[in-house]
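Chemist: coordinates for the following, if possible.
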Amino acid sequence: MAKALLGHVGGPDPRMVAEMRRLQRRVRDLEAELVRLQEENEALSSSEVVHSVKDREPALT
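Modeler: This next block holds a predicted model:
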């Protein structure tokens, strides 16, 4: 059973290991970009709220 899972007696295929590492790096890069974009979005959203409050005209009294 273990031999069938590994593909052969020699262990994991080096090409498969290299591809797995490449995909893991890609996932880490995408997760880092996601965090960066979320932070940028939060910063833009909070600055828009400040601008919209400042741009309002005073209410009539």
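Chemist: A18 and R26, how far apart?
Modeler: 13 Å (Cβ to Cβ, to the nearest Å). Just so you know, the C-beta spots here come from the backbone N, C-alpha and C atoms, and that holds for glycine as well.
Chemist: stretch 32-44 - what's its average pLDDT?
Modeler: Predicted confidence along stretch 32-44 averages 94 (mean pLDDT).
Chemist: can you point out the buried residues in that stretch?
Modeler: By neighbour count, with 16 or more other Cβ atoms under 10 Å as the criterion, stretch 32-44 contains no buried position.
Chemist: which residues touch it?
Modeler: Judged by Cβ atoms under 8 Å, 6 or more residues apart in numbering, stretch 32-44 makes no contacts with residues elsewhere in the structure.
Chemist: which stretches of this structure have low pLDDT?
Modeler: Regions of the chain meeting the criterion pLDDT under 70 cover residues 1-10, 48-61.
Chemist: one more time with 90, if that's ok
Modeler: Judged against pLDDT under 90, the low-scoring parts of the chain cover residues 1-14, 43-61.
Chemist: which helix in it runs the most residues?
Modeler: Secondary structure of the chain read by DSSP state H shows that its longest helix is helix 14-54.
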